[in-house]
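**Student:** Provided below are the primary sequence and the corresponding predicted coordinates.
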Amino acid sequence: SATGNSILGRDHFHKAASSRSVTKQCSLATTVFDGITIKVVDTPGWCDTELSEAELTQATVKCIDMSYPGPHVFLLILAIGNRFTKEEKETVQQIQEIFGERATRYTLILFTKGDDLEDTTFEDYLRAATADFKALIDKCGGRCHVFNNKDRNYLQVSKLLKKIQDMVQDNGGGCYTNSTYQLLEQYKKREAMLQRKTFLMKIDFDSRIFGCCQDTNHIFFLFKKRITLSYQI
């Protein structure tokens, strides 16, 4: 959530001082950066043990709907200095199970708490990582970026967007999609068509009613005029 706020340049998502996940449901926010409209979907951790299976399923459905027609990037958020957990190790697998095998080609690992590196370079930090950690990075094509969430410096956001744009171009351009998003697109098209038909039917019905009212008024006024004329005679 803090990372989402850094990208947005404002406090929108709820955040906590602890490293424990506070995001329990999906949330969407939009901003414009250098003329580019950015939509950020903040999700619960897919391996969050505090959420029930039903809550995770609901969050997944909401995430897919919010990110339609498909995300340009899956940002996997990891904190520098924190122990690499089993849940984090399984996150990429969870992403693949939810969004499909190709999702890793659109996944970028974003490390937070970059200020905790102090005199250590980010490259040295990665070189000193465990074998499991390096395997996760390799699975995501080696795509990494580091953020300092305490610093609302737009330069780090600009560099992140550049990496995302390069990744999208490497994948042929456009957003990520799979059969789920394609089914959702068909549903939304049918829904839009149904709404359009309903709207046109309402216009037709209203115009008929309006026409009948005009005819009725016309008849009424003629009838009234005839009575008046007849009375005057």
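**Tutor:** Perfect, thanks for sending it. Numbering: from 1, shown residues only.

**Student:** Quick check, pLDDT for residue 93.
**Tutor:** pLDDT for residue 93: 84.

**Student:** Okay, and it sits in which element?
**Tutor:** helix 91-99 (DSSP states H and E).

**Student:** any residues touching that helix, and which ones?
**Tutor:** 45-47, 60, 74, 76, 103-104, 107, 136, 139-140, 176, 178, 180 (C-beta atoms under 8 Å, 6 or more residues apart in numbering). Every residue, glycine included, has its C-beta placed from N, CA and C.

**Student:** give me that answer again for 7 Å
**Tutor:** The contact list for helix 91-99, computed with C-beta atoms under 7 Å, 6 or more residues apart in numbering, reads 46, 47, 60, 74, 76, 103, 104, 107, 136, 139, 140, 178.

**Student:** Now distance to residue 36 and neighbour count too, for these, in a markdown table please.
**Tutor:** A markdown table is the format used below for the contacts of helix 91-99 (distance: C-beta to C-beta, whole Å; neighbours: other C-beta atoms under 10 Å):
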| residue | distance to residue 36 | neighbour count |
| --- | --- | --- |
| 46 | 27 | 20 |
| 47 | 31 | 17 |
| 60 | 27 | 19 |
| 74 | 18 | 22 |
| 76 | 22 | 21 |
| 103 | 22 | 18 |
| 104 | 24 | 18 |
| 107 | 20 | 24 |
| 136 | 28 | 22 |
| 139 | 28 | 14 |
| 140 | 23 | 20 |
| 178 | 24 | 15 |
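
**Student:** Give me the subset of those residues that lies in strands.
**Tutor:** 74, 76, 107 (DSSP state E).

**Student:** Just give the nearest non-adjacent residue to the first one, would you?
**Tutor:** Which is residue 74. Nearest-residue entry for residue 74: residue 107, 4.4 Å, with adjacent residues in sequence omitted and distances by C-beta to C-beta, 6 or more residues apart in numbering.

**Student:** my guess is the one you found meets residue 140, correct?
**Tutor:** Yes: using C-beta atoms under 7 Å, residue 107 is in contact with residue 140, at 4.6 Å.

**Student:** Pretty sure residue 110 sits in a helix.
**Tutor:** No: under DSSP: H, G, I helix; E, B strand; the rest coil, residue 110 falls outside any helix and is assigned strand.

**Student:** what's the pLDDT at the nearest residue to it once chain neighbours are set aside?
**Tutor:** In this structure, residue 110 finds its nearest non-sequential neighbour in residue 75, 4.8 Å apart by C-beta to C-beta, 6+ apart. Residue 75 is assigned 92 on the pLDDT scale.

**Student:** Likewise for residue 49?
**Tutor:** For residue 49, pLDDT reads 58.

**Student:** do residue 147 as well
**Tutor:** For residue 147, the pLDDT comes out at 89.

**Student:** low-scoring stretches of this protein, by residue?
**Tutor:** 15-24, 46-49, 179-180, 183-184, 187-188, 196-233 (pLDDT under 70).

**Student:** Distance check, residue 125 against residue 79.
**Tutor:** Distance, residue 125 to residue 79, by C-beta to C-beta, to the nearest Å: 12 Å.

**Student:** isn't residue 88 right next to residue 79, touching?
**Tutor:** No: applying C-beta under 7 Å, one finds residue 88 not in contact with residue 79, separated by 9.6 Å.

**Student:** can you map out the strands along the chain?
**Tutor:** 27-33, 36-42, 74-79, 107-112, 144-146.
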